[in-house]
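Trainee: next comes the sequence, and after it the predicted model I'd like to discuss.
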Amino acid sequence: MVLQRIFAVVLLLVCAALAVMAWPYQAPFSYEPVGPRAFPLLMLGLMGAALLYTAFRPTPVVHTEEDPPLDRETLVKIGLCVVLLLVFAGLFEPLGFILASILIGIPMARLYGGRWVPSIVVVTLMSVGLYLLFDKAMDVPLPLGLLSVLEN
């Protein structure tokens, strides 16, 4: 219980430092109504509130038998998820949102037990749907990358 509270306080300090770093940021242009610093500050605020609760809650978190064990298999899955997300971040600009999402989403679905055909179909539909939602409906431009020849 003490380690949980120490971990929460340390992460809370990291959130505070990141918020101080993000506060003065002003982009030379803004394509969002609230500007580019609102999202990180909102996320840091929500994270900070959750960490405050974790640091000062009256009872510790008690794990039940229903919770998955933190064994080697689970840690490998978490590590592979982190690697896949880093690859996604690296491929996001060159390949574009849709292709990078498909390329990373299918192994991610398979990693957590998805079958091949449903994984391919769902990830492809979600990638295209999320692109249309963000780029067309919400006016948040996402890169098309290699698919930019299809635009206009």
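Mentor: Looks like it arrived, so ask away. Numbering: from 1, shown residues only.

Trainee: what segments of the protein are strands?
Mentor: For the chain, strands defined by DSSP state E do not occur.

Trainee: now do the helices in this protein.
Mentor: Secondary structure of the chain (DSSP state H): helices at 2-22, 38-56, 72-95, 97-111, 116-131.

Trainee: who wins for proximity to residue 63 among those?
Mentor: When the helices of the chain are compared by C-beta to C-beta, helix 2-22 sits nearest residue 63, at 11.5 Å. Where C-beta positions appear, they are placed from N, C-alpha and C, glycine not excepted.

Trainee: and residue 117, how far from residue 99?
Mentor: Shown here: residue 117 relative to residue 99, a distance of 19 Å by C-beta to C-beta, to the nearest Å.

Trainee: quick revisit: deepest-packed of the helices of the chain, please.
Mentor: The highest mean neighbour count among the helices of the chain, using mean count of other C-beta atoms under 10 Å, belongs to helix 97-111: a mean of 19.
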